[in-house]
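Student: When you get a sec, could you give me coordinates for this:
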Amino acid sequence: MKSIIIGTAGHIDHGKTALVRALTGVDADRLPEEKRRGITIDLGFAELDLEDVRLGFIDVPGHERFVKNMLAGAHGIDVVALVIAADEGVMPQTREHFDICRLLGVRRGLVIITKTDTVDEELLALVRAEAEELIASSFLEDAPILCVSARTGVGIEELKMALREVALQVPARSSEMVARLPVDRAFTMRGFGAVVTGTLVAGEIAEGDEMELLPASVRVRVRGLQVHGSQVRRAVAGERTAVNLGGVETSSIERGMMLAPVGRLQPTQIIDAQADVLESAPRPLRSRMRVRVHLGAAEVLARIRVLEEGGEIAPGAGGLLQLRLESAVVALPHERFIIRSYSPSRTIAGGRILDAYATKHRGREMLQTRTLLSTLMTADKATEFAVFVETAGERGLRRAEVAARTGWTDEVLEETANGARESGKVIEADGVYLGSESFERLSRATLEEVEAHHKREPLVRGLLRETLRERLFTHAAPEIFRSVLSHLERTGALRSEKEIVRAATHHLSLSAADVALRDRLETVYRQAALEAPTFDEALTRADAAKSSREHVRKIFQLLIDDCLLVRVNPDLFFYRAALDDLIARLREYAAQHEPERLIDVATFKEIAGISRKYAIPLLEYFDRERITRRAGDKRVIL
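Tutor: Numbering: from 1, shown residues only. Now for the predicted structure:
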């Protein structure tokens, strides 16, 4: 059965609760204080089955002091029932509630004139004309206007039929988003524990699901579900849902929290949005203005940063702004919000979220920021995906971050990511998404850095990979660094040689003197074999005292890069061929001493023909290289 949420709206004492009672038989005023005072203070709920459609009513308070309670329930409605009393006509809260519905993007509804039994036909006609004037040029302009009396029952059956017709016109909620239930009420039920209620605005919740209460990040388990008072195994988007939660105390649950799948969504405190200011607003929206923001069932304080030139949005106008919230909320693109003045509380604006995980914008970036946000206002999913990735810059976005930033299901996320990749707007690097412009910028910077290094150090084979990463990729994911290098290697621009990166066009060009010095140094170590000299001793033997130590070290590094010398410890280098010969002799010795394959220091010294000065560093090196393994005072030859 199709489920539709209908929210009442209107001034205090215009008969909203009585109307719901006449339609459903349920008194939505549940609090003792409401009964005693005869006014609605908080949200009330009722339901009505009309053959092939089920209506869930959210009855809201009409008093101006309780508008924030009204807003907690208004976020999830599909249809508004704008209630106007025949004996009073359009009143201040009629207008404010109507403005709120327009700002929240409600697209369907009807106007109900109540208490018709208390006035004559002439006054009723005047109120009807007043209602028509109010809704002119709005989403309710062509909506039915019905006259009813909850006391006598006149018009109630006609109202039911009208509600059914409007409800059947409401499109099904999108299945592209993960489950989200903004909590508008929490209480304890004896024998069951904590229960939260709300309108399930997206996705599905099933009994047994592991979920999370945000922004507190409290993991909970769904122990049971009720929809419109009936026990169910699964609730779907568009239904008023009560969820019995395990793993949490009621005292830790607050109105405005969000129930969502574990690890899927993340709290935020900086939001970029498009906003419309009411013509009735007493002043423009200005930067640094402190306001109350109503998002979902939450109310949070915030500071505004207007992103338009001039730093303000005038009454009756629209523009881009950033909301810097004083406490965290869960928000997603395209969600609607209401802005009310800080004091006195009055509805002044509302809008639509464009980027729920924004960063603070600097003045010199403002033009680019406005361009990107304007793109988001009309973007399809692939473009939206690309913009979010591009705004993340060189850091890129992991799949989990994209999921949190959009609220899309896995299927929608995968399809959209594929489309963005195919369009060339986005690059994927092992699960990290990066804008193609950022990728090209990093690729150019990498090649330029390597080439600049060659100019500074013409005698050095290349740049260490780790040095390159630290210089250019400190804010980027490791996957992006690897992807950029792989891309430059595939295009033939770079060459990677173990830990060294060099330009493909870079070749060492040694002078005759440098070649002679390199050959002399190699000869020194080849002749020394396993009795390797220190660096200073090698300089003396190679007759390199006239060259600077720094220059000699660069020539020396060439021998290491060519694998002619091996670093055994920071001060000792051995000729590779001598080490290979020693390893062969060790393994020959091991073969003769199966199965133990043990050797002590004295025997090692004898086989190598060296003193303890060289034996211990060599054995420790062999341990690190897994040629030997220490076993007490001896070693096993592997």
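
Student: When you work out contacts or count neighbours from here on, use the C-alpha atoms and nothing else.
Tutor: Fine.

Student: what's the burial count for residue 100?
Tutor: By other C-alpha atoms under 10 Å, the residues close to residue 100 number 25.

Student: Which other helices and strands does the helix or strand hosting it contact?
Tutor: Using DSSP states H and E, the element containing residue 100 is helix 92-103. Here helix 92-103 touches strand 2-10, strand 79-85, strand 336-341, strand 347-355, going by 3 or more C-alpha pairs under 8 Å, 6 or more residues apart in numbering; DSSP states H and E.

Student: Try it again at 7 Å.
Tutor: The contact analysis (3 or more C-alpha pairs under 7 Å, 6 or more residues apart in numbering; DSSP states H and E) places helix 92-103 against strand 2-10, strand 347-355.

Student: Which residues does the last one contact?
Tutor: It stands for strand 347-355. If you take C-alpha atoms under 7 Å, 6 or more residues apart in numbering as the criterion, strand 347-355 is touched by 96, 103, 271-278, 281, 332-341, 373, 376-377.

Student: go on, stretch 536-545?
Tutor: 520, 521, 524.

Student: how far does the helix holding residue 100 sit from the chain's center?
Tutor: In terms of C-alpha atoms, centre = their mean, to the nearest Å, the centre of helix 92-103 is found 32 Å from the chain centre.

Student: Only the buried residues of that helix, if you could.
Tutor: By 16 or more other C-alpha atoms under 10 Å, the buried positions in helix 92-103 come out as 93, 94, 95, 96, 97, 98, 99, 100, 101, 102, 103.

Student: C-alpha coordinates for that helix, PDB please?
Tutor: Extracted in PDB, the C-alpha atoms of helix 92-103 (Å, rounded to 0.1, in the frame of the first residue of the first chain):
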ATOM      1  CA  PRO A  92       0.400  35.400  11.100                       C
ATOM      2  CA  GLN A  93       1.200  31.700  11.700                       C
ATOM      3  CA  THR A  94      -0.900  30.800   8.700                       C
ATOM      4  CA  ARG A  95       1.500  32.800   6.600                       C
ATOM      5  CA  GLU A  96       4.700  31.600   8.400                       C
ATOM      6  CA  HIS A  97       3.700  27.900   8.100                       C
ATOM      7  CA  PHE A  98       2.900  28.500   4.500                       C
ATOM      8  CA  ASP A  99       6.200  30.200   3.900                       C
ATOM      9  CA  ILE A 100       8.000  27.300   5.600                       C
ATOM     10  CA  CYS A 101       6.300  24.700   3.400                       C
ATOM     11  CA  ARG A 102       7.300  26.700   0.300                       C
ATOM     12  CA  LEU A 103      10.900  27.000   1.500                       C
END
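
Student: Output the below-cut-off pLDDT ranges for the chain.
Tutor: Applying pLDDT under 70 to the chain flags residues 28-42, 61-68, 70, 508-509, 545-546.

Student: longest single strand anywhere in it?
Tutor: With secondary structure taken from DSSP state E, the chain has its longest strand at strand 318-329.

Student: Show residues contacting that strand.
Tutor: In contact with strand 318-329 (C-alpha under 7 Å, 6+ apart) are residues 215, 267-277, 300-308, 313.

Student: can you redo the helices and strands packed on helix 92-103 as TSV with distance to residue 541 and mean neighbour count?
Tutor: Shown next, in TSV, are the helices and strands packed on helix 92-103 (distance: least, C-alpha to C-alpha, whole Å; neighbours: other C-alpha atoms under 10 Å):
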stretch	distance to residue 541	mean neighbour count
strand 2-10	91	24
strand 347-355	68	26
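
Student: In CSV: those strands, plus distance to residue 510.
Tutor: Below are the helices and strands packed on helix 92-103 laid out as CSV (distance: least, C-alpha to C-alpha, whole Å):
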stretch, distance to residue 510
strand 2-10, 81
strand 347-355, 56
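
Student: closest one to residue 190 among those?
Tutor: Ranking the helices and strands packed on helix 92-103 by proximity to residue 190 (C-alpha to C-alpha) places strand 2-10 first, at 28.0 Å.

Student: elements contacting that closest one?
Tutor: Looks like strand 2-10 contacts strand 53-59, strand 79-85, helix 92-103 (3+ C-alpha pairs under 7 Å, 6+ apart).

Student: Kindly recompute the last result at 8 Å.
Tutor: By 3+ C-alpha pairs under 8 Å, 6+ apart, strand 2-10 packs against helix 16-24, strand 53-59, strand 79-85, helix 92-103.

Student: and for whatever helix or strand residue 615 lives in, what are the contacting residues?
Tutor: Assessed by DSSP H and E, residue 615 sits inside helix 612-624. Outside helix 612-624, the residues within contact range by C-alpha atoms under 8 Å, 6 or more residues apart in numbering are 530, 531, 568, 569, 601, 604, 605, 628, 629, 630.

Student: Now, those residues that are in helices?
Tutor: Among the contacts of helix 612-624, the residues falling in helices (DSSP state H) are 601, 604, 605.

Student: Please check these and keep the buried ones.
Tutor: When these are checked for burial by 16+ other C-alpha under 10 Å, the buried set is 604, 605.

Student: which one of the ones in helices among the contacts of helix 612-624 sits closest to residue 497?
Tutor: Proximity of the ones in helices among the contacts of helix 612-624 to residue 497 (C-alpha to C-alpha) peaks at residue 604, which lies at 33.8 Å.

Student: Distance-wise, check that closest one relative to residue 617.
Tutor: Using C-alpha to C-alpha, to the nearest Å, we find residue 604 at a distance of 12 Å from residue 617.

Student: Also residue 247?
Tutor: Counting by C-alpha to C-alpha - residue 247 and residue 617 are separated by 58 Å.

Student: Please apply the same query to residue 384.
Tutor: According to C-alpha to C-alpha, residue 384 and residue 617 sit 59 Å apart.

Student: rewinding a little: of the contacts of stretch 536-545, which belong to helices?
Tutor: Those of the contacts of stretch 536-545 lying in helices (DSSP H): 520, 521, 524.

Student: For those, which entry has the maximal number of neighbours?
Tutor: Counting neighbours by other C-alpha under 10 Å, residue 521 leads the ones in helices among the contacts of stretch 536-545 with 23 neighbours.

Student: Nearest residue to it in space, ignoring adjacent ones along the chain?
Tutor: Take residue 521 and drop its neighbours on the chain: the residue closest to it by C-alpha to C-alpha, 6 or more residues apart in numbering is residue 542, 5.5 Å away.

Student: State the distance from that neighbour to residue 460.
Tutor: 20 Å.

Student: How many neighbouring residues does residue 621 have?
Tutor: Using other C-alpha under 10 Å: residue 621 sits among 16 other residues.
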